[in-house]
Structures are given as structure tokens and as C-alpha cells.
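# the following comprises the amino acid sequence and a computationally predicted model.
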Amino acid sequence: MEIPSNPFLSILISFLSALVLFKLGSILIFSKKSSRRNIPPPGPWQFPLIGNMHSLIGSVPHRALHQLALKHGPLMQLRLGEVRVVIASSAGAAKEVMRTHDANFASRPPILAAEIMSYGCTSITFGPYGDYWRQLRKICTSELLSSRRVESFRSLREHVYLGLSEWVASMEGSPVNLTEKLYSSTYSFTATAAVGRLTEERERLLPIIREGLDLAAGFDIAEIYPSVKVFRLMSGARRRLSWLHEKADELLERIIKQHREAVLINGDEREREDLLDVLLKFQDDGGLEIPLTNDNIKAVLLDMLGAGSETSVTTIDWAMAELMKNPRVLKKAQDEARAVFDENGGFVDEALVPQLEYMKAVVKETLRLHPPVPLLLPRKCGETCQINGYEIPAETKVIVNAWAINRDPEYWENPDCFRPERFLDSSVDYKGNNFEYIPFGAGRRICPGMRFGIANVELPLAMFLYHFDWKLGDGIKYEEMDMTERFGITARRKKDLCLVPLIKRPLSLK
Ligand code: HEM
């Protein structure tokens, strides 16, 4: 190109070029800045209408999401129907959600089952983050599920699980369906702790709660396409949940009435306070900022009954299955239990359970490989925020894949191996400070029933280890055991655990 000889023209061209370059540069910088600010987390290609629904077919969700995260990264975005979902699958991403931005992710997204079963999301589990939830959570941690309260149920726990062990002993040499029996014993313990003695009402609640939990795990079409109002009317799950809620409400109302009448007849002197007694006292004392209604109390009771049994049974079931699959570990745990309780006259005393260090490591390892709530409970993004440089818009549903995190090879050697020894000399625990191990979640919404649940797992496990040797029924070899998981909010084993007990230490009463 010929350079113009006119100096004015040269200056003009230079000025215009500089202006164009400046403009281009600022457009580039601006667009880079703004795109970084608005960039969503990566994720798989989305089909029109269904989004990524198809990716979840054929496997349990925590495994399917783990496979996707291996391709798309630890913070990944999907669309399920119309709903945007962000999945955190690494300790780092989980820490961002449950510590750095904890308050912003402290609410739960709308869930049909919770809306209907939990009295319009007024339970501890599904209540929106705010003053009402904070009040309930405080009652829960300082009263309902405190260490003192857990300890107050010790003799009840011993009584219930001794009864279970007696039943197992009576079946010596024959295959027993341990899962089913554990379910009824654990429910019986939790229900007695929550609402007192066995009544017809209490027993009729169990199948209702189980079905409610099953329905809560499913994908309801109205939840996936919230803008299509007609789906709400068509939803079969909504009709079924409303029916279940009506039944549960009627039974709980009768249980509350029975409690009020019992206090009138017997005065306030009760042998052991159950959780309903505590809640009724809070209601009567009137010292609360937000008064508790009967519906609030019923929502909390459903929390305790629903969360209390299913999670503990799932843990014991997996622990026993892993022990059967790993005879070396089983023998070591049995030797430890027998050394401790032989010294105690053959009585499995809960006060001695802290001495079972190896068994405690077995429980931790079980919760690592098989967290009963593998995707924790979903969170909702309050205000638009940035995580790892990606934008998470307000209202996004956020899921933390605890199952994937607990098996991350970056933190765990041979992550798929059942090796309780890894916890023996380790300070890693499940209290929400080690984000590579979060079976109880973390942050403001961490499980408040941790102590209650662990006591409920350790005592029956100690009894099973101390009193019995176990064989697999029907000539099954331990290498052939089916360890498939079932679809649901809790990742229970698909098949019930059937084992043959052999008495090694007869049951003795204190
Ligand atoms: C092995 C036993 C248990 C496990 C593994 C477990 C696990 C969990 C998990 C993962 C969460 C969600 C935490 C989050 O969103 O970050 C949770 C919440 C909860 N759990 Fe547990 N849980 C167990 C036992 C119990 C028991 C025995 C109770 C009560 C009797 C209970 C009551 C609750 C409640 C009320 C919440 C909701 C907390 C909130 O949203 O503020 N859990 N649990």
C-alpha cells in the first residue's frame, strides 16, 4: 500500500486506525469479561424439550451423574426437562456450595412430595432457609437429637436390638431376611423414641412413610415442566401423595390427641420423654418467637420417622453385606467385639461400644462407599453467584454427588476397595469438615441426626458381630454377592440380605 504523502491525511489514517484498534480491543476485553461473568458450567449437549433426561436412564442417578462428571468436570450443568440443575462432584466444588456460599445454598428447591407430605415444606428437612427453619433446627439440635437425648434412649435401644438378636438366635441355622427384620426393629426404635408406645396408629404410619419416600425419589412430570400447568392436574403422583398425606395426617392427629390425654390422666410424670412430648412442651410454653402449630409438629415428626429409620437400616445392611464379602474384615471385627464383651460377662453394653475402634472404622468405610443419601438433599441457589469462575443463576437446583466425592481417587487410594483400616490412623470424619467425605452433608443443612443415626447403627452391628457367625444362604459364594443398588432417595441394596446365623456367644441379659 502506498503511504500518503499528505501529513494531515497520514495523521488522520493513524488516528482512525488507533481508534478502530482501541474499539476492537475494548470489545474483545469487554466480551471476554462479560462472557467469563456469564459463563455457565460445562455440561453435555441438551436435547430440545427433554434436555439431559435421557442421560439418567439405565443407571442409578449418582452413578450416571458420576460418569457425566468424568467427561464434563466437577461442576457441571444439566437440564432436566425445563429445570436447570448444577452438579458438584468434587470435594472442592462441594466446599464452594456448602461452605464458601453456604448461606446462599441453604434452601431446598421445590419438591412435590415435600410440598404435600411436609405440610407445605414446613419440616426441618424441606423448610426454606429463614427464621422459621432456624427455630426448628435449634429445637432439633439442642433438644430432639442432642447427645443428651440420644443417651436418654440408650436402654430403649438396647431393649429393641436385644429383641432383634434374640429373634436371630431363634432362627439359628436357617436363612433369615436380615434387611426386613432390621427395618421393622429400627422403625420400632425410632417410632418409640418419636411418639412413644406401640399403637395401631404408629404401625399404620410405617407403610405410608415408606411409600412417601419412594414417591419423593421419582421424577414427576409436573416438577420437570413446571410451566405446563396441565401436568400438575394430570400428575398421578400428586393424587397418590395427597391420599398418603391425608392418611398420615389423620394418624398423627390421633397420636397427638392420645399424648395430650395421657398427660391429663397421668400428669406430666412420664418414664421417658419422647420427641412428641418435647415438641408439645415447646408448643405449650409459648416462649417461641414463631408459635408451633399442630401441623408444624406433625411435619417434624414425619422428618424424624422418615429420616430416622431408612438411613440407619441402609447403613447396617451395607455394612453386613461388605463384611460378608470381606471375610478378613469380618473376622477382625468379630475378634475385637468378642475381646471387649467377653470381659463384660457377655453383655453387649452400649457404654463399651466406643472401645470397638475397628468396628467404628467399618461403619465409616461403609458410609464412604455406600452413603445412604448419595446425592444428599438438593439445594437451591438463592442469589446469582460465581463458583470456580462459572455463573450459577438464582433458583438453580444444585446437587452434591457425595457418592462420587467419597470415591474420588484424588483423596482415596483404591477408592472402590472396602478397607476400614484407612480410617484407623486418620483424622478424617463425617462431621462436615472434610469435604472429601460427606455422608451426612455439610454446612448449615448438615444432618442433625448424625449421633442418633450412628448409635442406631453401631449397637445392632456390635451385637451381630459379638453373638453370631454368619453364612451366606443357598450356597452363594461371597465373591458372587449381588451388590446392586436400588433406585430411591436412599441407596439401599436392591436385594434383601439373607444370611444364616450361627450362635457363637449366647445372649445374656444384664
Ligand atoms: C446413618 C444415618 C444418617 C445419614 C447417613 C443421614 C444423612 C443425611 C443427609 C445426607 C442429609 C442432607 C444434608 C445436606 O443437605 O447437606 C440429612 C438431613 C437430615 N437428616 Fe439425616 N442422616 C442419617 C440419620 C438421621 C436421623 C437418625 C435423623 C433423625 C432422627 C435424621 C434427620 C435429618 C434431618 C431432619 C435432616 C434435614 C436437615 C436440614 O435440612 O436442615 N437423619 N441426613
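Looks like it arrived, so ask away. Note that this is a predicted model, so its numbers are computed, not measured. Numbering: from 1, shown residues only.

# only C-alpha atoms from now on, for both contacts and neighbour counts.
Fine.

# what does the one residue sitting closest to the centre of the chain show for phi and psi?
Centroid-nearest residue in the chain: V373, 3.3 Å away (criterion: CA atoms, centre = their mean). Note on V373: backbone dihedrals following degrees, to the nearest 10 are phi -110, psi 80.

# how about the nearest residue to it once chain neighbours are set aside, what does it touch?
Distances taken as CA to CA, 6 or more residues apart in numbering put T490 closest to V373, at 4.8 Å, once the chain neighbours are dropped. Listed by CA atoms under 8 Å, 6 or more residues apart in numbering, the contact set of T490 reads E310, T311, T314, P372, V373, P374.

# confidence score at T490?
According to the prediction, T490 has pLDDT 86.

# work out for me the element it sits within.
Assignment of secondary structure by DSSP states H and E places T490 within no helix or strand.

# distance check, it against R157.
From T490 across to R157, the span is 23 Å (CA to CA, to the nearest Å).

# ok, C447 touching I438?
No - using CA atoms under 8 Å, C447 is not in contact with I438; the gap is 10.2 Å.

# and of the contacts of T490, the nearest to S90?
For the contacts of T490, the residue nearest S90 by CA to CA is P374; the value is 13.4 Å.

# I figured that closest one hits G488, correct?
No - if you go by CA under 8 Å, P374 and G488 don't touch, sitting 9.7 Å apart.

# more neighbours: these two, which one.
In terms of neighbours (other CA atoms under 10 Å), P374 is the more surrounded of P374 and G488; the figures are 28 against 18.

# ok, that one to the ligand distance?
The gap separating P374 from the ligand is 7 Å, by CA to the nearest ligand atom, to the nearest Å.

# give the contact list for that residue.
P374 is in contact with H62, N401, A402, W403, P439, I489, T490, A491, counting by CA under 8 Å, 6+ apart.

# tell me the mean pLDDT for stretch 99-112?
Stretch 99-112 shows a mean pLDDT of 94.

# any bit of that stretch sitting next to the ligand?
No - applying CA under 6 Å from any ligand atom, one finds stretch 99-112 out of contact with the ligand, separated by at least 7.9 Å.

# how about residues contacting that stretch?
Here stretch 99-112 makes contact (CA under 8 Å, 6+ apart) with 96-98, 126-129, 216, 220, 223, 238, 377-383, 395, 397-398, 442-445.

# for PyMOL, write the select line for the buried members of those.
Selecting the buried subset of the contacts of stretch 99-112 in PyMOL, with 16 or more other CA atoms under 10 Å as the burial test, is done by:
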select buried, resi 96+97+98+126+127+128+129+216+220+223+238+377+378+379+380+381+382+395+397+398+442+443+444+445
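
# out of the contacts of stretch 99-112, who's near the ligand?
Here is what survives when those are matched to the ligand using CA under 6 Å from any ligand atom: F126, L377, A442, R445.

# show me these that map onto helices.
Applying DSSP state H to those, no entry is found in helices.

# would CSV of those with distance to N344 be doable?
Shown next, in CSV, are those (distance: CA to CA, whole Å):
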residue, distance to N344
F126, 44
L377, 41
A442, 37
R445, 39
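
# nearest to G58, of these?
The closest of those to G58 turns out to be L377 (CA to CA; 21.7 Å).

# lowest-confidence helix or strand of the chain?
Every helix and strand in the chain was compared by mean pLDDT, DSSP states H and E; the lowest is helix 7-38, with a mean of 47.

# give me the next element, helix or strand, following that one.
Where DSSP H and E defines the elements, the next helix or strand beyond helix 7-38 is helix 61-72.

# for the record, mean pLDDT for that following helix?
For helix 61-72, mean pLDDT rounds to 96.

# output the contacting helices and strands for that helix.
Judged by 3 or more CA pairs under 8 Å, 6 or more residues apart in numbering; DSSP states H and E, the packing partners of helix 61-72 are helix 402-405.

# contact partners of the helix it packs on?
Contacts for helix 402-405 (CA under 8 Å, 6+ apart): 62-63, 66, 89-91, 368-371, 374-376, 436-439, 441.

# what do you get if the cut-off is 6 Å, keeping everything else the same?
Contacts with helix 402-405, where a contact means CA atoms under 6 Å, 6 or more residues apart in numbering, come from H66, S89, S90, P374, L375, E436.

# does any bit of that helix sit next to the ligand?
No - shown here: helix 402-405 not in contact with the ligand (CA under 6 Å from any ligand atom), separated by at least 8.1 Å.

# now do that helix: distance to the chain's middle.
Distance of helix 402-405 from its chain centroid, counting by CA atoms, centre = their mean, to the nearest Å, is 12 Å.

# next: stretch 390-407.
14 Å.

# so for it, what gets flagged as buried?
Applying a neighbour-count criterion of 16+ other CA under 10 Å, one finds 390-393, 395-407 buried in stretch 390-407.

# kindly report the residues of the stretch 51-200 of the chain close to the ligand.
Taking CA under 6 Å from any ligand atom as the contact definition, the stretch 51-200 of the chain meets the ligand at I124, T125, F126.

# quick one: which of the residues you listed is nearest to the ligand?
T125 (3.6 Å; CA to the nearest ligand atom).

# in space, what's closest to the closest one - neighbours in sequence excluded?
T125 sits nearest to D303 (CA to CA, 6+ apart), 6.7 Å away.

# of all residues in the stretch 151-300 of the chain, which one is closest to the ligand?
Closest residue of the stretch 151-300 of the chain to the ligand, CA to the nearest ligand atom: T190 (7.1 Å).

# so which helix or strand takes in that residue?
For T190, the host element (DSSP H and E) is helix 178-195.

# what does that helix rub up against?
For helix 178-195, the external contacting residues (CA under 6 Å, 6+ apart) are D274, L275, L276, S309, V313, D496, L497, C498.

# repeat that with 8 Å
So helix 178-195 is contacted by 153, 156-157, 160-161, 164, 198, 202, 206, 255, 274-277, 301, 304-305, 308-310, 312-313, 317, 456, 496-499 (CA under 8 Å, 6+ apart).

# likewise for stretch 331-351?
Outside of stretch 331-351, the residues within contact range by CA under 8 Å, 6+ apart are 154, 158, 352, 355-356, 358-359, 459, 462-463, 465-466, 505-510.

# do that again at 7 Å, thanks
By CA atoms under 7 Å, 6 or more residues apart in numbering, the surrounding residues in contact with stretch 331-351 are L356, Y358, M359, L459, A462, M463, L465, Y466, S508, L509, K510.

# please apply the same query to stretch 281-289.
With CA under 7 Å, 6+ apart as the criterion, stretch 281-289 contacts P291, L292.

# now it: buried residues?
Under the neighbour-count criterion of 16+ other CA under 10 Å, stretch 281-289 has F282, Q283 buried.

# quick one: end-to-end length of that stretch, please.
Terminal residues of stretch 281-289 lie 15 Å apart, using CA to CA.

# do the same with stretch 40-53
Across stretch 40-53, the terminal residues are separated by 19 Å (CA to CA).

# any low-confidence regions in the stretch 251-400 of the chain?
Applying pLDDT under 70 to the stretch 251-400 of the chain flags the ranges 263-272.
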